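>>> No sequence on hand, only this structure:
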């Protein structure tokens, strides 16, 4: 038999007398390593009945002569795989005989060769099961490990029944799927519409297995488009986006707040709704579409349909186009080439007013539409039913009153009272004024400061600086309607006045009662009647005071219930000492300067963090 060796430590031989081993002199340098190597080699070669004691003795005695360590071993027989078909010739079975002696175990390649010899090379085989059989010594009989499979396919239908997808499985020793099999399936399942013959031919010809491929396709419905209006003028006019130069200055000459039109100008076009297109399933059933929803043509005041196109709206007069209550209107515009003064008198107009000059002290403008003033506004009263712009600012001297139902834009506001249902946009400053906005107050210019007064906004206030170096009281209030806050302020003043009156009457009544107690004979009937009336008046005044306090509590509760989301005050540069910021019913008074901050209300307290730049967007 062939000899073997292990790194020159020993030689192993198989002879008639038995298995012999001979150690080399090198093995005596490390007898423990030599013993372990010899033991592992003998066990790996499946040598039975090894005399390990003889090996130890040889190493201890430094014996280099060959000696017997095991009796003669049986002849090596490799593991054997036998495969056969069942009686129907559609299944393959295998049996694996284990190796004998030093024979090798059967491997997967031996199984595949046996299966091929049995005529089942193309059968589907369960490889995991075969691996288990090879690694186990329990299986000694024939076990089924494979089968012949004909080609198969699965068809899935989309939820809306407009597509059929096929997934083809390859054959294993059986017959492949052909075109007639697929067409027969479609016929049995009443799939009649949109059958894709070319796709089926390609799948069969190219053997496109294990893929979801479309073989029948209906038509999904196409919903109609809703009617819509295309406008040829800016329907958002009144929300100015002034140009800001590199130095932060706002160009109030380029606001384009007012858009004018001439009679006959196109203002809007209606795009009628479309009916859409019905669909069809692969079974031939129709699928209804959703028709587009039509809308009325928005013809309003001083507009008309075009003679050649009833869906086109034209201006009937010269004026200002505006979208109000989903109607396109043309508002008449009165042009004042100079100032509003004694040459024009007060202005009361149902449309819009464009004053190229200023509005001088003592005059009034009332307009149902927009108002644009090219100059300044002095001590006057202006009531605007739309949006308003004052290019050179407002100089109110504590007497000007501005009421605007839309957005108000001005270069500055100085000592004026302003009420706006929309937003208030100011470039330079708000000084010692009373501002109330149902939207937001934004100072966007390079200066952008608020100094003194009260600035109220329902949503937010944004500026560069608020307050003065001399700590002039400056109040910023956000949250709730400005009307609600004014009512609360009024109620607080009423309470103070009532408390003073109660205190005065209490002192007078107390004094009269003392005189009555000390000298009852000196009190006349008239004085007694006066004391009784004072007591009644005091009682009525106390009842009035309780009502005022209950009303105040109700207003404060309304402020508490307001949502806090988005209610913020943004200061890009500095908050000066003396500034009081109120959000909902929470307040904060600045004792020291604070830079670059955004304020918000949280859980009844004012908290602040870094300035949020996105607030300006």
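Arrived safely, thanks for sending. Everything numeric here is computed off the predicted structure, so don't read it as measured data. Residues are numbered from 1 along each chain as shown.
>>> okay, CA-based contacts and neighbour counts for the rest of this
Will do.
>>> could you measure residue 82 against residue 76, distance?
19 Å (CA to CA, to the nearest Å).
>>> Which of the two has more residues huddled nearby?
Using other CA atoms under 10 Å as the criterion, residue 82 and residue 76 rank with residue 82 on top: 17 against 12.
>>> ok, residue 12 to residue 65 distance?
Taken as CA to CA, the span from residue 12 to residue 65 is 12 Å.
>>> Who has more neighbours out of those two?
Between residue 12 and residue 65, residue 12 has the larger neighbour count (other CA under 10 Å), namely 23 against 11.
>>> circling back to that earlier point, which residues are in contact with each of residue 12 and residue 65?
Jointly contacting residue 12 and residue 65 under the rule CA atoms under 8 Å, 6 or more residues apart in numbering are residue 22.
>>> in the sheet, who's paired with the closest residue to residue 125 other than its chain neighbours?
Excluding its sequence neighbours, the residue lying closest to residue 125 (CA to CA, 6 or more residues apart in numbering) is residue 146, at 4.2 Å. For residue 146, the beta-bridge partners are residue 92, residue 125 (DSSP bridges).
>>> Enumerate every residue touching residue 146.
Here residue 146 is in contact with 91-93, 123-126 (CA under 8 Å, 6+ apart).
>>> Return the member of these nearest to residue 50.
residue 93 (38.8 Å; CA to CA).
>>> got the contact list for that closest one?
By CA under 8 Å, 6+ apart, the neighbours of residue 93 are 83-86, 142-146.
>>> follow-up on the earlier one: give me the pLDDT for the residue nearest to residue 125.
Looking at residue 146, its pLDDT is 92.
>>> what about residue 362, how many residues close to it?
16.
>>> which SS class is it?
Secondary structure state of residue 362, per DSSP: H, G, I helix; E, B strand; the rest coil, is coil.
>>> Distance check, the closest residue to it other than its chain neighbours against residue 472.
Distances taken as CA to CA, 6+ apart place residue 380 nearest to residue 362, at 5.2 Å, with adjacent residues excluded. Distance of residue 380 to residue 472, computed by CA to CA: 26 Å.
>>> what comes into contact with whichever strand or helix holds residue 314?
Using DSSP states H and E, residue 314 sits in strand 309-315. Here strand 309-315 makes contact (CA under 8 Å, 6+ apart) with 261-271, 297, 299, 302-306, 330.
>>> of these, buried ones?
261, 264-271, 297, 299, 302-306, 330 (16 or more other CA atoms under 10 Å).
>>> Surely residue 386 and residue 368 touch.
Yes: if you go by CA atoms under 8 Å, residue 386 and residue 368 touch, sitting 6.6 Å apart.
>>> Compare these two (neighbour count), which wins?
residue 386 (22 against 18).
>>> check which helix or strand covers that one.
Judged by DSSP H and E, residue 386 forms part of no helix or strand.
>>> The one 10 residues further on too?
Taking DSSP H and E as the criterion, residue 396 maps to strand 394-404.
>>> Does anything pack onto that strand? Which helices or strands?
strand 381-384, strand 408-420 (3 or more CA pairs under 8 Å, 6 or more residues apart in numbering; DSSP states H and E).
>>> Name the stretch among these that sits most buried.
strand 408-420 (a mean of 24; mean count of other CA atoms under 10 Å).
>>> Tell me which strands that one pairs with, and in which orientation.
With DSSP bridges as the test, strand 408-420 pairs up with strand 388-390 (parallel), strand 394-404 (parallel), strand 424-431 (parallel), strand 434-437 (parallel).
>>> Make TSV from those and add mean pLDDT, mean neighbour count and distance to residue 21 to it.
TSV is the format used below for the strands paired with strand 408-420 (pLDDT from 0 to 100; neighbours: other CA atoms under 10 Å; distance: least, CA to CA, whole Å):
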stretch	mean pLDDT	mean neighbour count	distance to residue 21
strand 388-390	94	28	113
strand 394-404	95	20	114
strand 424-431	95	25	105
strand 434-437	93	26	107
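>>> Compare those strands and give me the one nearest residue 54.
Using CA to CA, the nearest of these to residue 54 is strand 424-431, at 107.1 Å.
>>> thinking again about what came up before, which ones among the buried ones among the contacts of strand 309-315 map onto helices?
The members of the buried ones among the contacts of strand 309-315 all map outside helices under DSSP state H.
>>> I'd like to know how far residue 589 sits from residue 365.
39 Å.
>>> which residues touch residue 224?
Residue 224 neighbours (CA under 8 Å, 6+ apart): 273-277, 289-293.
>>> Give me the PyMOL select line for those, limited to the buried ones.
In PyMOL syntax, the buried subset of the contacts of residue 224 is picked out as below (16+ other CA under 10 Å):
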select buried, resi 273+274+275+276+277+289+290+291+292
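>>> Out of the contacts of residue 224, flag the one nearest to residue 57.
When the contacts of residue 224 are compared against residue 57 (criterion: CA to CA), the nearest one is residue 289, at 97.8 Å.
>>> three-state assignment of the closest one?
Residue 289 - assigned by three-state DSSP - is coil.
>>> got the contact list for it?
Residue 289 neighbours (CA under 8 Å, 6+ apart): 221-224, 276-279.
>>> where in the stretch 201-350 of the chain is pLDDT low?
Within the stretch 201-350 of the chain, the stretches with pLDDT under 70 are 237-258.
>>> How many neighbouring residues does residue 59 have?
Neighbours of residue 59 (other CA under 10 Å): 22.
>>> quick one, what contacts it?
For residue 59, the contact set (CA under 8 Å, 6+ apart) comprises 23, 27-28, 31, 35.
>>> hang on, the earlier thing: distance from the strand holding residue 396 to the middle of the chain?
Strand 394-404 sits 43 Å away from the centroid of its parent chain (CA atoms, centre = their mean, to the nearest Å).
>>> same check, this time on stretch 465-475
Using CA atoms, centre = their mean, the offset of stretch 465-475 from its chain centre is 39 Å.
>>> in that stretch, what's buried?
465-468, 471-475.
>>> The residue nearest to residue 362 contacts residue 403, correct?
No: contact criterion CA under 8 Å: residue 380 and residue 403 do not qualify, at 11.3 Å.
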